[in-house]
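Enquirer: Turn this into a structure:
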Amino acid sequence: MIRILKSKLWTFIAVGVTLILLLIGVLFALRFYVSMDIYNTPATLLIGSYSVDGGEWKETRRGVSIDERFHTLEMRGRIPGKLLNIFDEIHLSTKDVWFELSTADGEQLTSYTFEEMKFSYEHMRGGRPYALKLPETPGYKVTSISTQSLSAVGVTGETELVLTVTYPYSGSSVSFEDCFQVTVGMESGMYLRFFFEALPVVLLFVLVCFFGLFFFPIAGRVLGRMNHTYLSFGALCFFWGFYMIVQSLSGYFNIWIWDPTMCMLLSRVTEYTFVASLIFYTKTRMRRDGFRAIANVTGTVYLILTFILMILQLTGGKDLTATSLLMNIMTGISLLVLVVLLLLEAKKTKENLYFLLSWIPLVLTLGIDLLDRFIHLPGSFFFRYGMAVTMVVQIIGLIYDLRQQYLERLKYERMQKELYEAEVAVMVSQIQPHFMYNALTSIAMMCSIDPEKAQEATVTFAKYLRGNMDSLKQKEPVPFSQELEHLNKYLYIEKLRFGKKLNVEYDIQTEEFKLPLLSVQPLVENAVKHGVGMKKKGGTVTIATRETDEAYEVIVSDDGVGFDPQAGGEQKEKRSHVGMENTKRRVRDMCGGEIMVESRIDEGTTVRIILPKAGQPGTE
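Expert: Numbers count the residues shown, from 1 in each chain. As a prediction, the model looks like this:
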């Protein structure tokens, strides 16, 4: 089942990456197509001149946007006759500004002011909308002007017009390019602009939201556990995608949402939610409890401040645009705190160093945006670009991490399979047909001579077989006393066969340690079969345990025929059969121990299992 889920997971990755590349291609293709037509003209609606905050008059040129910050901008000029003669509508998309369009002699053509909004809601739509609670909040507005209505009042390509745009928030200014957009087209011109300009971006970030909701949480679960880092990053991806969708649609909200203030509220709230999810995701990357506590406090303070400002917005006290500088400063402080914490942790872990480096674009662009409010840098909204770079780096890093965990999981499964095969090999080596034949033959011979002893031998043999079968289920080291009990059953059966030729002595000085199940028996089996058993007069097998300052030792020795460890030959091959090799590997992997062999021809063999105390279960 896990393997099936994994194959589906990587299929999902391949499909997702393909869709992303396809959408990016469509985005660039559509952007190129739009640039060949005039559905979306530059912000210079009037060809003439403009003045910022009562300053000098500058010339406007068609095709060149006005990228200047202002509180009040006045523009004088003429609407190109081509626009009036060919197209049906002019759509003005505004954010956080009031405006008025009139003729040079003062005749108003269209406007968006609080009084106009109040009159429109109270006399045309009825009721009292939420926007009226905040008389100084323009919100996000889309105003449509019919070229036919302009012609009806005598506006032509030669008519001098005046456009006045006002940003009502003191203490800051805004770029004209960011708050005032013009779309000229047929009756569906605004929707055409949405289709060509915003829809590809929206679809791209819908896919990002989908990844956040399903890919990272499911990936963590498929790899064996519900990982909080993947869950929080999934939430971060979702809120990032949702934030970018809202920003892409912000110029169109008023088409579907009547209340301009609600349009602005939705845009701001998604931004703050994304930052909060970013803070809590970063917390999951920290290892120290103290740092995680500081990150929790930082995120909690950020959420509390967001909640307070939203209460002010909803009660008509102050809107989120007016408090955006405060939130930007709070965002900067929060990110700075997290960067410092990550920097302190990065001294010890390369993982957090990489994570910290991925934050540089985000923190740097946020700082630039804060400076932009005071020194008016060229361009705007650098934070979004820095955020995009950071998020892409994070996604790449998480996918790489998932790949590494996937490979480790495969390696673990392969090791488990090898361990299982080794355990089967151990069992097979310990229950060979000739051993079973000899044991059953000995029991059969005793049935007529000593039935009670034969019954005892049968029960002992059954328990021995059960112990071997149970070893396949045992994944952890067992107490030596348990191993010794099973070993006694094996030796009991062997003594039935060899009789007085096999002597067994014990020198057990400690039992307070653990070792892999059935790790001593292969050594004793070698001592019996290839040591004492090969000697005509038989011999003695000794089983001893010792404790040193650093380790526990299990010593299996015999006074049998012995062999030359440096030479080859059949005797050495028998001494190193598959059961012995598997025992060495299990002792090494499960306890960090080793097996040492000493032997001399005609003198015997001594095998030591050395188990470091540091490798004992429960030892740090």
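
Enquirer: Can you tell me the centre-most residue of the protein?
Expert: Y230 (3.4 Å; Cα atoms, centre = their mean).

Enquirer: so how far is F210 from that one?
Expert: Separation of Y230 from F210 (Cβ to Cβ, to the nearest Å): 15 Å. To be clear about C-beta, it is placed using only N, CA and C from the backbone, and glycine gets the same treatment.

Enquirer: Confirm the residue nearest to the centre of the chain sits in a helix?
Expert: Yes: counting by DSSP: H, G, I helix; E, B strand; the rest coil, Y230 is found in a helix.

Enquirer: for this protein, what helix or strand is lowest in average pLDDT?
Expert: Ranked by mean pLDDT, DSSP states H and E, the weakest helix or strand in the chain is helix 570-575, scoring a mean of 48.

Enquirer: what residue ranges in the stretch 1-150 of the chain are flagged as low confidence?
Expert: For the stretch 1-150 of the chain, the stretches with pLDDT under 70 are 1-44, 63, 116-133.

Enquirer: and what of the stretch 201-350 of the chain?
Expert: Ranges of the stretch 201-350 of the chain meeting pLDDT under 70: 216, 219-227, 346-350.

Enquirer: just the helices in it please.
Expert: If DSSP state H, counting those that start in this stretch is used as the criterion, the helices of the stretch 201-350 of the chain fall at 216-222, 228-249, 253-256, 260-284, 289-314, 324-346, 350-375.

Enquirer: Can you name the residues that contact the residue nearest to A235 when sequence neighbours are not counted?
Expert: Distances taken as Cβ to Cβ, 6 or more residues apart in numbering put S277 closest to A235, at 5.3 Å, once the chain neighbours are dropped. S277 is in contact with S232, A235, L236, F239, W240, counting by Cβ atoms under 8 Å, 6 or more residues apart in numbering.

Enquirer: How about K613?
Expert: K613 neighbours (Cβ under 8 Å, 6+ apart): F513, E550, A551, Y552, T619.

Enquirer: Do you know the pLDDT at it?
Expert: Confidence at K613, expressed as pLDDT, is 88.

Enquirer: and if you look at M596?
Expert: For M596, the predicted pLDDT is 90.

Enquirer: doesn't it fall inside a helix?
Expert: No: secondary structure assignment (three-state DSSP) places M596 in strand, not in a helix.

Enquirer: So it sits against V607, correct?
Expert: Yes: under the criterion of Cβ atoms under 8 Å, M596 makes contact with V607 at 7.2 Å.

Enquirer: More neighbours: which of the two?
Expert: Counted by other Cβ atoms under 10 Å, M596 and V607 do not tie: V607 has more neighbours, with 23 against 11.

Enquirer: Could you check which helix or strand contains the more buried one?
Expert: Using DSSP states H and E, V607 falls within strand 604-612.

Enquirer: What is the burial count for the closest residue to G604 other than its chain neighbours?
Expert: Sequence neighbours aside, D559 is the residue nearest to G604 in space, at 4.2 Å (criterion: Cβ to Cβ, 6+ apart). Neighbourhood size, D559 [other Cβ under 10 Å]: 20.

Enquirer: mind listing what D559 touches?
Expert: G531, V532, K535, G539, T540, E603, G604.

Enquirer: can you confirm the first one is in a helix?
Expert: Yes: using three-state DSSP, the assignment for G531 is a helix.

Enquirer: sorry, back to before: among the helices of the stretch 201-350 of the chain, which comes closest to V393?
Expert: Closest of the helices of the stretch 201-350 of the chain to V393 is helix 350-375, at 4.1 Å (criterion: Cβ to Cβ).

Enquirer: Contacts for stretch 540-552, please.
Expert: So stretch 540-552 is in contact with 480, 484, 487, 491, 502-513, 520, 524, 527-528, 531-532, 553-559, 593, 610-614, 616, going by Cβ under 8 Å, 6+ apart.

Enquirer: Out of these, list just those in strands.
Expert: 502-508, 553-558, 610-612 (DSSP state E).

Enquirer: Most neighbours of all these, which one?
Expert: Using other Cβ under 10 Å as the neighbour criterion, D558 leads the ones in strands among the contacts of stretch 540-552 with 28 neighbours.

Enquirer: From G531, how far out is it?
Expert: According to Cβ to Cβ, D558 and G531 sit 4 Å apart.

Enquirer: Ends of stretch 211-231, what's the gap?
Expert: 11 Å (Cα to Cα, to the nearest Å).

Enquirer: so who does L364 touch?
Expert: Applying Cβ under 8 Å, 6+ apart to L364 gives the contacts G386.

Enquirer: In a helix, G48, correct?
Expert: No: G48 sits outside any helix when classified using three-state DSSP, being strand.

Enquirer: burial measure for it, as a count.
Expert: Look at G48: counted by other Cβ under 10 Å, it has 18 neighbours.

Enquirer: Contact partners for the nearest residue to it once chain neighbours are set aside?
Expert: Once flanking residues are discounted, G48 sits nearest to G77: 2.1 Å by Cβ to Cβ, 6+ apart. Neighbouring residues of G77 by Cβ under 8 Å, 6+ apart: L46, I47, G48, S49, T60, E160, L161.

Enquirer: So what pairs up with G77 in the strands?
Expert: G48, L161 (DSSP bridges).

Enquirer: how near is it to S324?
Expert: For G77, the distance to S324 (Cβ to Cβ) stands at 32 Å.

Enquirer: Can you say which helix or strand has S65 in it?
Expert: With DSSP H and E as the test, S65 turns up in no helix or strand.

Enquirer: how near is R585 to G593?
Expert: Distance from R585 to G593, by Cβ to Cβ: 11 Å.

Enquirer: More neighbours: which of the two?
Expert: Remark: of R585 and G593, G593 carries more neighbours, 25 against 15, as counted by other Cβ under 10 Å.

Enquirer: On the pLDDT front, check the more buried one for me.
Expert: Note on G593: pLDDT of 89.

Enquirer: which ones are touching it?
Expert: G593 neighbours (Cβ under 8 Å, 6+ apart): L515, A551, V587, I609, I610, L611, P612, G615.

Enquirer: tell me the phi and psi of it?
Expert: Backbone torsions of G593, given as degrees, to the nearest 10, read phi -100, psi -170.

Enquirer: Going forward, the N-terminal residue is numbered 47.
Expert: Okay, using 47 as the starting number, the last item reads as G639.
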